[in-house]
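Engineer: Fold the following and give me the result.
(one chain, ligands or ions: 1)
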Amino acid sequence: MENVIIIGSGCAGLTAALYTARADLTPLVVTGTMPGGLLTTTTIVENYPGFVEGIDGYALMMNMQKQAERFGARMRSLSRVEAVDLSQRPFAITVDGEVLHTKTLIIATGAGHRHLGIESEHLLENKGVTYCATCDGALPMFRNKPLVVVGGGDSACEEALYLTRFASTVYLVHRRDELRASKIMADRTLAHPKIKPVWNTEVTEILDVAKDVVTGIRLKNNQTGEESVLDCAGVFIAIGLVPSTQLFKDTLDTDEAGYFVLTEGSKTKVPGVFIAGDCADKVYRQAITAAGMGCTAAIDCERFLQEEAHHAPPAAV
Ligand code: NAP
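Structural biologist: The predicted model follows:
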């Protein structure tokens, strides 16, 4: 029987692991298939406090994991939760076919990449369509070629800036005429000589499914209705995130966009189940806010177990 299982190993999950480990709860972290979460695919993280020169995203997450392990957190690496039964305590969590039992659960499942939702995007995934510049940008197929980034947020800017190392030109295709990204990222992006914004424009098709590789995109200007084709060797889609909450949609409350709805602090309507990070945050979604939510969930969890122990009937002599 586990005291606490933590699902997810991003900033929220690993911070919850650190705090619950330091409270002697020896948490078990089910890392998911991407240990360290989405931040491991980022280059330099410049806005996590404490790192004057910034820190590589992968290094930051591996440090968080080691710090939690130093206090007794255990990682079930590369494992995925397949099912949860929260109808009674202890909760039953099925991990890679094995059923584990736990007194409490911290869900820190984060969010995944949003897709454009057009058929050619799906058919050309990994054939020039990708969701991660740091993972794929250096591939030979993209070198010295025109590349497209879709989106107008911080992620799109970050991807575009990173791709300038490899691309001949980076076209930033955005559906509006101003970026949603933070000012510092937007200014940096628009000032880069290799980045060319394409405003008020939507991707209607990625070419060329018949050739089984990306050769360009078909675009539509949503102000004028004008259609065009832009040649490129890669399409990097950075249009935001979708919360990873599907596994719990029948048991826990989610809003219309799928984000968890919390009752008080990190609590849910199921006593003993706590939530942290981007799976419950559609507003801030920063590494530091996720870490803060991980801390909150761990403290709520620890207090819940303490309270329960306090009210437990004395053991029979
Ligand atoms: P985001 O801020 O939600 O931005 C998504 C962008 O994609 C928006 O510009 C949006 O357009 C566009 N978009 C959404 N759906 C679309 C669709 N179907 N077709 C075309 N365009 C679409 O997402 P994000 O950039 O991934 O950032 C997520 C969070 O992480 C944010 O809070 C961000 O600040 C944070 N983040 C921070 C950093 C950093 O600080 N260095 C780096 C990366 C991410 P509209 O603008 O028209 O809505």
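Engineer: show me where pLDDT drops low in this protein?
Structural biologist: 315-317 (pLDDT under 70).
Engineer: Does the helix or strand hosting L18 reach the ligand?
Structural biologist: Per DSSP states H and E, L18 falls inside helix 11-22. No. Judged by Cβ under 6 Å from any ligand atom, helix 11-22 makes no contact with the ligand; its nearest approach is 11.5 Å. All C-beta atoms are positioned from the backbone trio N, CA, C, and that covers glycine.
Engineer: Check stretch 190-197 too.
Structural biologist: No. Applying Cβ under 6 Å from any ligand atom, one finds stretch 190-197 out of contact with the ligand, separated by at least 11.8 Å.
Engineer: Give me the buried stretch members for that stretch, please.
Structural biologist: Buried residues in stretch 190-197, counted by 16 or more other Cβ atoms under 10 Å: 195, 197.
Engineer: and what of stretch 53-71?
Structural biologist: Buried residues in stretch 53-71, counted by 16+ other Cβ under 10 Å: 55-58, 60-61, 64-65, 67-69, 71.
Engineer: Restricted to helices, list the residues you listed.
Structural biologist: Members of those lying in helices (criterion: DSSP state H): 57-58, 60-61, 64-65, 67-69.
Engineer: quick revisit: outside of the helix holding L18 itself, list whatever touches it.
Structural biologist: Identification of contacts with helix 11-22 by Cβ atoms under 8 Å, 6 or more residues apart in numbering yields 3-4, 6-7, 9, 27, 29, 31, 36-37, 39, 61, 64-65, 67-69, 71-73, 106, 108, 110, 274, 276-278, 287-288, 290-295, 297-299, 301-302.
Engineer: quick revisit: and of the ones in helices among the buried residues of stretch 53-71, the nearest to the ligand?
Structural biologist: G57 (9.5 Å; Cβ to the nearest ligand atom).
Engineer: Pull the contacting residues for the residue lying closest to the closest one once chain neighbours are set aside.
Structural biologist: Among residues not flanking G57 along the chain, T42 sits closest, at 3.3 Å (Cβ to Cβ, 6 or more residues apart in numbering). Counting by Cβ under 8 Å, 6+ apart, T42 touches 57-58, 134, 158.
Engineer: ok, and of those, which contact the ligand?
Structural biologist: Residues of the contacts of T42 in contact with the ligand (Cβ under 6 Å from any ligand atom): E158.
Engineer: Farthest pair within the contacts of T42?
Structural biologist: Y58 and E158 (14.5 Å; Cβ to Cβ).
Engineer: Give the helix, strand or coil label for V149.
Structural biologist: Of the three states, V149 takes strand under DSSP: H, G, I helix; E, B strand; the rest coil.
Engineer: Test my guess that it contacts A156.
Structural biologist: Yes. Assessed by Cβ atoms under 8 Å, V149 is found in contact with A156 at 5.3 Å.
Engineer: ok, those two, which is more surrounded?
Structural biologist: Ranked by neighbour count (other Cβ atoms under 10 Å), V149 and A156 place V149 first, with 32 against 27.
Engineer: Could you tell me which residues make contact with that one?
Structural biologist: So V149 contacts 133, 156, 159-160, 163, 170-173, 236-238 (Cβ under 8 Å, 6+ apart).
Engineer: same deal with G272?
Structural biologist: By Cβ under 8 Å, 6+ apart, the contact set of G272 is 89, 91, 103-105, 304.
Engineer: next one: T296
Structural biologist: T296 sits next to 265-266, 276 when contact means Cβ under 8 Å, 6+ apart.
Engineer: Quick check: which element contains it?
Structural biologist: Per DSSP H and E: helix 287-311 holds T296.
Engineer: out of the contacts of V149, which touch the ligand?
Structural biologist: Within those, those near the ligand by Cβ under 6 Å from any ligand atom are 156, 238.
Engineer: Reformat the contacts of V149 as JSON lines; add secondary structure and distance to P140.
Structural biologist: Output for those, formatted as JSON lines (DSSP: H, G, I helix; E, B strand; the rest coil; distance: Cβ to Cβ, whole Å):
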{"residue": "A133", "secondary structure": "helix", "distance to P140": "15"}
{"residue": "A156", "secondary structure": "helix", "distance to P140": "24"}
{"residue": "E159", "secondary structure": "helix", "distance to P140": "19"}
{"residue": "A160", "secondary structure": "helix", "distance to P140": "20"}
{"residue": "L163", "secondary structure": "helix", "distance to P140": "14"}
{"residue": "V170", "secondary structure": "strand", "distance to P140": "17"}
{"residue": "Y171", "secondary structure": "strand", "distance to P140": "20"}
{"residue": "L172", "secondary structure": "strand", "distance to P140": "23"}
{"residue": "V173", "secondary structure": "strand", "distance to P140": "23"}
{"residue": "F236", "secondary structure": "strand", "distance to P140": "16"}
{"residue": "I237", "secondary structure": "strand", "distance to P140": "21"}
{"residue": "A238", "secondary structure": "coil", "distance to P140": "22"}
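Engineer: biggest separation within the contacts of V149, which pair?
Structural biologist: A133 and V173, at 14.4 Å, using Cβ to Cβ across the contacts of V149.
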